[in-house]
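Participant: Got a sequence here, can you model it:
(one chain, ligands or ions: 1)
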Amino acid sequence: MTDLLWSKPGVAVDASIQAFLAGDDVILDREFFLHDIAASRAHAEGLQRIGILTSAELDALLRELAALAGDFSNGTFVLDARFEDGHSAIEARLAERLGDVGRKIHTGRSRNDQVLVATRLWLKDRLGQVVALCREIADIALARAEAEAALAMPGYTHLQRAVVSTAGMWWAGWAEAFIDNAERAARTRDWIDANPLGTAAGYGVNLPLDRAHSTLALGFGRMQVSPLYAQLSRGKFELAALEALGSAMLDLRRLAWDLSLFTTAEFGFVTLPAQYTTGSSIMPNKRNPDVIELMRGSYASVAAARCEIEQLLSLPSGYHRDLQISKGALVHGFGRGLAALALLPDLLRNLQWNPDRMRAALDPSLFATDIAVDLARQGVPFRDAYRQAADPASWTRTDAEASLAARVSPGGAADMGLDVLRDRWRAGAGSDAG
Ligand code: ARG
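Facilitator: Model prediction:
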């Protein structure tokens, strides 16, 4: 390993303790490395602006930072256990290439604000991906709601057949859900859009750091002013981002549940594209919906990440090494969540309904609520109407189209309000973030 940034003469370093301290940190830092380099660039520019670096020194640093980013991206430079972490790796490389100039980069910064800013840029990027995916999902759901507005199927409560409904109503539900999820992720992105770089170890430094410059250069919406709060926000902002992702994942989990039911022989409403199913190693007859099951299960990874980070935050103010553990949870949670969400658009575009099976499931009991409400409209007190319509002898209706045409309550099958949803989608908070 390269020399530890903080090593002291006469203090021996124990290898197993070092291994425990480092853990998989340097591997995880691969996720954040390009952001760390971008923030190092902004920091170096700031140092030149306040006279700590000459223009020539800045130019050399910027050149080497760009070369490092290139080497990392094309695999020439591997971030591995030769380094304690990504931050040390950047400094070691600059020192190796530029000598004393490289050793100036860390003036006025701490790994504490360095990890914060790299993580924050990563979070903004990942939330942008959540926004874009949720918007794409909502777009598909809206289009299919419109196209399949008249495709009749039962609506369920308690998994029991309840009333006549449509595939259009099913789609509209997911459309509005994912418009909300996009909006939540976009708002969370705005909420965390604050620059922690320049807060150093959590207490500022005796230099007039140009924090306004790094805020602008890194594309942050504002400066995170209080150094102490910058430290307090580590983990807290990760949690907020995971909650926004979790909101989308919660809906994905329920949607996947619907699909796994609808594809059973018992329902038979939906046929999945063949590539979303797998076979069994022993039962030659099986086609299993493994993809939607893994999508459903991915919620657990997001929930676990939230739980782990929340547990870590039981800390007094200031930096504590415990916080390092939050990176693994974050990377794992977002990795699983985004991978699952990313498969959903194509699945939704390509799934096929089986209209005959859906219609065959419309038994006469599904019209009972219509009958009760119609009686009430004619003046019968609803409780009496309800009792009359509970009698199977009254279940004489079979016209699903008539039932749907009469479902005029806003949001109902005859007035789904898709134009309202489409307007919201168009105006969507985050429509710029995709
Ligand atoms: N790997 C560390 C983390 O993720 C970087 C910050 C180290 N700071 C320190 N004071 N030891 O938290």
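Participant: Run through the neighbouring helices and strands of the helix or strand encompassing residue 299.
Facilitator: Secondary-structure assignment from DSSP states H and E places residue 299 in helix 290-312. Using 3 or more CB pairs under 8 Å, 6 or more residues apart in numbering; DSSP states H and E as the contact criterion, the neighbours of helix 290-312 among helices and strands are helix 236-262, helix 326-350. (Glycine included, C-beta is placed from N, CA and C.)
Participant: Quick check: which ranges of this structure have low pLDDT?
Facilitator: Low-confidence segments of the chain, defined by pLDDT under 70, span residues 6, 429-434.
Participant: residue boundaries of the strands in it?
Facilitator: For the chain, applying DSSP state E gives strands covering 152-157, 160-166, 194-195, 222-223, 270-271, 352-353.
Participant: and the second one with strand 152-157, angle?
Facilitator: It stands for strand 160-166. Our comparison of strand 160-166 with strand 152-157, counting by axes from the mean of the first three to the mean of the last three CA atoms, to 10 degrees, yields an angle of 140 degrees.
Participant: Contact partners for the closest residue to the ligand within the stretch 251-400 of the chain?
Facilitator: Among residues of the stretch 251-400 of the chain, the one nearest the ligand by CB to the nearest ligand atom turns out to be residue 324. It sits 3.6 Å away. Contact partners of residue 324, counting by CB atoms under 8 Å, 6 or more residues apart in numbering, are 23, 25.
Participant: Residue 45 is nearest to which of the strands of the chain?
Facilitator: With CB to CB as the measure, strand 194-195 is the member of these nearest residue 45 (13.5 Å).
Participant: what's next to the closest one, contact-wise?
Facilitator: Applying CB under 8 Å, 6+ apart, the set of residues contacting strand 194-195 from outside is 117, 120, 211, 214, 215, 218, 220, 221, 222, 223, 224, 233.
Participant: Wait, the last one touches residue 196, no?
Facilitator: The reference is to residue 233. Yes: in this structure, residue 233 sits in contact with residue 196. The criterion is CB atoms under 8 Å, and the distance is 7.1 Å.
Participant: ok, these two, which is more surrounded?
Facilitator: residue 196 (32 against 18; other CB atoms under 10 Å).
Participant: was I right about the more buried one contacting residue 236?
Facilitator: No: taking contacts as CB under 8 Å, residue 196 lies outside contact range of residue 236: 11.8 Å.
Participant: Can you check which helix is longest in this structure?
Facilitator: When every helix of the chain is counted residue by residue (DSSP state H), the longest turns out to be helix 111-147.
Participant: buried set for it?
Facilitator: Neighbour-count burial for helix 111-147, counted by 16 or more other CB atoms under 10 Å, picks out 111-124, 126-146.
Participant: could you measure residue 65 against the ligand, distance?
Facilitator: Applying CB to the nearest ligand atom, to the nearest Å, one obtains 19 Å for the distance of residue 65 from the ligand.
Participant: do the same with residue 38
Facilitator: Distance from residue 38 to the ligand, counting by CB to the nearest ligand atom: 17 Å.
Participant: which residues do residue 233 and residue 196 both contact?
Facilitator: 116, 224.
Participant: Residue 267: how many residues sit nearby?
Facilitator: Neighbours of residue 267 (other CB under 10 Å): 19.
Participant: Surely it touches residue 258?
Facilitator: No: between residue 267 and residue 258 there is no contact, the gap being 9.5 Å when judged by CB under 8 Å.
Participant: Can you pull the residues of the chain lying near the ligand?
Facilitator: Residues of the chain found near the ligand (CB under 6 Å from any ligand atom) are 25, 85, 111, 112, 115, 319, 321, 323, 324, 327.
Participant: Closest to the mean position in the chain, which residue would that be?
Facilitator: For the chain, the residue whose C-alpha lies nearest the mean C-alpha position (CA atoms, centre = their mean) is residue 245; its distance is 3.2 Å.
Participant: Residue 297 versus that residue, what's the distance?
Facilitator: 15 Å (CB to CB, to the nearest Å).
Participant: how deep is residue 250 tucked in, by neighbour count?
Facilitator: Taking other CB under 10 Å as the neighbour definition, residue 250 ends up with a count of 15.
Participant: So for it, what's the nearest residue that isn't a sequence neighbour?
Facilitator: When the adjacent residues along the chain are set aside, residue 250 lies closest to residue 299, with 6.7 Å between them (CB to CB, 6 or more residues apart in numbering).
Participant: For the one you found, give its distance to residue 127.
Facilitator: Counting by CB to CB, the gap between residue 299 and residue 127 amounts to 18 Å.
Participant: try residue 121
Facilitator: Between residue 121 and residue 127 the distance is 11 Å, computed by CB to CB.
Participant: Spit out the contact partners of residue 133.
Facilitator: Residue 133 touches 248, 338, 341, 342, 344, 345, counting by CB under 8 Å, 6+ apart.
Participant: so how many other residues sit close to the closest residue to residue 139 other than its chain neighbours?
Facilitator: Nearest in space to residue 139, with sequence neighbours left out and distances taken as CB to CB, 6+ apart, is residue 425 at 6.6 Å. Using other CB under 10 Å, the number of residues around residue 425 comes to 21.
Participant: Setting the sequence-adjacent residues aside, check what's closest to whichever residue of the stretch 101-250 of the chain sits closest to the ligand.
Facilitator: Among residues of the stretch 101-250 of the chain, the one nearest the ligand by CB to the nearest ligand atom turns out to be residue 111. It sits 3.8 Å away. For residue 111, ignoring the flanking residues on the chain, the nearest one in space by CB to CB, 6+ apart is residue 87 at 4.7 Å.
Participant: Compute the number of surrounding residues for the one you found.
Facilitator: By the criterion of other CB under 10 Å, residue 87 has 25 neighbours.
Participant: How much space separates it from residue 400?
Facilitator: Remark: distance between residue 87 and residue 400 (CB to CB) = 64 Å.
Participant: And residue 174, by the same measure?
Facilitator: Using CB to CB, which is the criterion applied here, residue 174 is 22 Å from residue 400.
Participant: More neighbours: these two, which one.
Facilitator: Ranked by neighbour count (other CB under 10 Å), residue 174 and residue 400 place residue 174 first, with 24 against 21.
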